[in-house]
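> got a predicted structure plus its sequence, pasted below:
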Amino acid sequence: MEQVGEIEKKEVGKISHFFGKINVAVVELTNTLKVGEEILIEGPATSVRQKVESMQIEHENVETAKKGQSIGMKVVDKVREKDTVYKVE
């Protein structure tokens, strides 16, 4: 885990695709992620912090997704492919 100011962040995945018209990001997970957790999406031109409101795998809502899975998730702002997704604690 990396300390950033007052928050701790742990990498949970990378953005593999972003659908701008509907603000949905596809995340390739490298760690477990749950609905309700707070995340930070960072890249050279990105810094988005939000709560995970919902996640989908193959158009089915899920509460928890594990390492190796690919999820779709609504994001509050534009993100970019290869941006890193962190869980914030």
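Nice, I can see it.

> neighbouring strands of the top strand by length along the chain in the sheet, and parallel or not?
Longest strand of the chain, by residue count under DSSP state E: strand 7-19. Applying DSSP bridges to the sheet, strand 7-19 is found paired with strand 2-4 (antiparallel), strand 24-29 (antiparallel), strand 84-88 (antiparallel).

> so how far is that strand from its chain's centroid?
Relative to the centre of its chain, strand 7-19 is centred 4 Å away, using Cα atoms, centre = their mean, to the nearest Å.

> restricting to C-alpha, output that strand in CSV.
Extracted in CSV, the C-alpha atoms of strand 7-19 (Å, rounded to 0.1, in the frame of the first residue of the first chain):
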residue,chain,number,x,y,z
ILE,A,7,-5.1,8.3,2.5
GLU,A,8,-3.8,4.8,1.8
LYS,A,9,-4.3,3.4,-1.7
LYS,A,10,-3.9,-0.1,-3.0
GLU,A,11,-3.9,-0.9,-6.7
VAL,A,12,-7.0,-2.9,-7.8
GLY,A,13,-6.8,-2.7,-11.6
LYS,A,14,-6.4,-0.8,-14.8
ILE,A,15,-8.9,0.8,-17.2
SER,A,16,-9.0,-1.1,-20.4
HIS,A,17,-11.8,0.8,-22.1
PHE,A,18,-13.9,3.9,-21.6
PHE,A,19,-17.4,4.6,-23.1
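
> and of the strands paired with strand 7-19, who's closest to Glu60?
Minimum separation from Glu60 across those (Cβ to Cβ) falls at strand 24-29, 14.6 Å. Every residue, glycine included, has its C-beta placed from N, CA and C.

> not counting its own residues, what contacts the following helix or strand past the closest one?
Per DSSP states H and E, the first helix or strand lying C-terminal to strand 24-29 is strand 33-34. Contacting residues not belonging to strand 33-34 are listed as Val12, Gly13, Val27, Ile39, Val52, Met55, Glu63, Thr64, Ala65, Ile71, Val85, Lys87 [Cβ atoms under 8 Å, 6 or more residues apart in numbering].
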